[in-house]
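Visitor: here is a sequence together with a model predicted from it:
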Amino acid sequence: MHYISRALEDRLLKYEKTYKAILVTGARQVGKSTLLKKVFPDRKYVSLDDPFMEQQAREAGDMFLTLNAPPVTIDEVQRAKELFRYIKMKCDESGEKGLFCLSGSQPFHLMQNVSESLSGRIGILELSGLSVRETMGDPFNRHFLPTLEYAAERRKTVQKPVNIWEVIHKGGYPELQEQDKEWGAFYADYVKTYMERDVRELAAVQDLNAFRQFMITAAARTGEILNYSAIASEIGKDVGTVKNWISILEASGIIYLLEPYTPAVLKRAIKSPKLYFRDTGLVCYLTRWLTPDNLAYGAMSGPIFETFAVSEILKSFANEGLDYRHFVSYYRGRDKKKVREDGETRELEVEIDLIIEENGILYPIEIKKNTQAKAIMTSAFPVLDNIPGKARGMGAVLCNCPDVGALRENILQIPVWYI
């Protein structure tokens, strides 16, 4: 399989010289093991996917690390949480950096063990699925901001995909970049393996058929405000079960819950998160959009396009070693606004698809699948003007437009492949 260079490679090398241990988290099949083998080819590699190795790590951690002495890469380390105390001991005994490279596909379980055992000793990075930049071989590695400065810098290396809907439909798993890999078979195997291994390990779910239906129902709601009751009603389960299952999808990197922007001054802000799947190919598979053309003209093209844009923005932060949770949010208020378009007056909810906050500046973003953006799409942006201690920065409509352009003095239209 052809290796595609990952944006995290340079940061991994830097972390090896900075921390005693490195942890790479991310969903199953995003390329964690391949990345670590490529960046650190001379390290001993041990996978706890091997039942014998897992047993040794869990039952005799000290002996396990004696036989697999650092520098060493330990894959799927979440399978042996007992090992963390011994890793801590080894880190404390040595003054050297780069002793351990750890990876695992269950970030939140890992974080709990890491915070208890390795605080201050470990550098944590998240590997996402392939970004458009990575698939196009683009070396640009700055997080996205809707500013003129960003657009000018991005223009130097940006490459427009031949068909953006093919990119969205395929998804970002590295294995799918091989020409002879069958799309449907890959996702069928992925879902089967995910449910039989990760789901059962995380929550001992017995009814996998019900969980599969839950995944389909959740995928059909990507880009929407999370409504536990509606999902529960559709699949015939109670709200508590749905909340538990949502936490499983989140903990294993399948979905991301985008939190609302709710400062005290915005009293009518909705406080529920929005649900986004992290991989659009998986959404298409679960909701049965089987070709790029059917997707592009189908009923879910808008939400899936929005899911793609949000996912790419999250990747741009993660690939720079930044925790995107501190930067991104959305806004929706219960107030209605009146807008006049094409001679008609309509009432719409006040909504901003995405807000990026950096250095006290709020950058509002609308995401539309349209090939042409209109300034009226950004009519909700002024809601951010009266927030104490914050300033509204440049806003943008991310869309399928052919090039960057100005809609108003402080609002741009930006092609989605500029992310």
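Guide: All right, it came through fine.

Visitor: which parts of stretch 163-170 are buried?
Guide: Residues of stretch 163-170 classed as buried by neighbour count (16 or more other Cβ atoms under 10 Å): 164-165, 167-170. C-beta: built from backbone N, CA, C; applies to glycine.

Visitor: list of residues touching it?
Guide: For stretch 163-170, the surrounding residues in contact (Cβ atoms under 8 Å, 6 or more residues apart in numbering) are 132, 135, 161, 176, 183, 280-281, 284, 289, 291-293, 295-296, 304-305, 308, 400, 416-417.

Visitor: between the buried residues of stretch 163-170, which is nearest Ala80?
Guide: Proximity of the buried residues of stretch 163-170 to Ala80 (Cβ to Cβ) peaks at Lys170, which lies at 34.4 Å.

Visitor: now do the phi/psi pair for Ala296.
Guide: Dihedral pair for Ala296: phi -60, psi -30, per degrees, to the nearest 10.

Visitor: might you report the residue contacts of it?
Guide: Counting by Cβ under 8 Å, 6+ apart, Ala296 has contacts Trp165.

Visitor: from Lys160, how far off is it?
Guide: 16 Å (Cβ to Cβ, to the nearest Å).

Visitor: likewise Gln413?
Guide: Distance from Gln413 to Lys160, by Cβ to Cβ: 15 Å.

Visitor: same drill for those two, tell me which one is more crowded.
Guide: Gln413 (26 against 14; other Cβ atoms under 10 Å).

Visitor: for the nearest residue to that one once chain neighbours are set aside, grab the count of nearby residues.
Guide: By the measure of Cβ to Cβ, 6 or more residues apart in numbering, the closest residue to Gln413 outside its immediate chain neighbours is Ala373, 3.8 Å from it. Look at Ala373: counted by other Cβ under 10 Å, it has 23 neighbours.

Visitor: ditto for Arg334
Guide: 10.

Visitor: any idea how far Thr147 lies from Arg212?
Guide: 43 Å.

Visitor: actually Trp245, sorry about that
Guide: To Arg212, Trp245 is 11 Å away according to Cβ to Cβ.

Visitor: between those two, which one's more packed in?
Guide: Just comparing Trp245 and Arg212: by other Cβ under 10 Å the higher neighbour count belongs to Trp245, 24 against 16.

Visitor: which secondary structure state is assigned to the more buried one?
Guide: What DSSP: H, G, I helix; E, B strand; the rest coil gives for Trp245 is helix.

Visitor: how far does stretch 44-60 sit from its chain's centre?
Guide: 28 Å (Cα atoms, centre = their mean, to the nearest Å).

Visitor: give me the contacts around that stretch.
Guide: Contacts for stretch 44-60 (Cβ under 8 Å, 6+ apart): 33, 36-37, 63-64, 67-68, 71-77, 79-80, 82-83.

Visitor: just the buried ones from those residues?
Guide: Buried, going by 16+ other Cβ under 10 Å: 33, 36, 64, 68, 72-77, 79-80, 83, out of the contacts of stretch 44-60.

Visitor: those in helices, which ones?
Guide: 33, 36, 64, 83 (DSSP state H).

Visitor: which among those residues gets closest to Ala152?
Guide: Looking across these and measuring by Cβ to Cβ, the closest to Ala152 is Leu36, at 34.9 Å.

Visitor: sorry, back to before: now do the contacts for the residue nearest to Gln413.
Guide: Contacts of Ala373 by Cβ under 8 Å, 6+ apart are 397, 399, 401, 405, 407, 413.

Visitor: want to throw those residues into JSON lines with secondary structure?
Guide: Output for those, formatted as JSON lines (three-state DSSP):
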{"residue": "Val397", "secondary structure": "strand"}
{"residue": "Cys399", "secondary structure": "strand"}
{"residue": "Cys401", "secondary structure": "coil"}
{"residue": "Gly405", "secondary structure": "strand"}
{"residue": "Leu407", "secondary structure": "strand"}
{"residue": "Gln413", "secondary structure": "strand"}
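
Visitor: hmm, back to that, which of the buried ones among the contacts of stretch 44-60 has the weakest pLDDT?
Guide: For the buried ones among the contacts of stretch 44-60, the least confident position by pLDDT is Arg79, scoring 85.

Visitor: any low-confidence regions in the protein?
Guide: Counting by pLDDT under 70, the chain has low-confidence residues at 1, 106-116, 202-204, 264-265, 267, 335-349.
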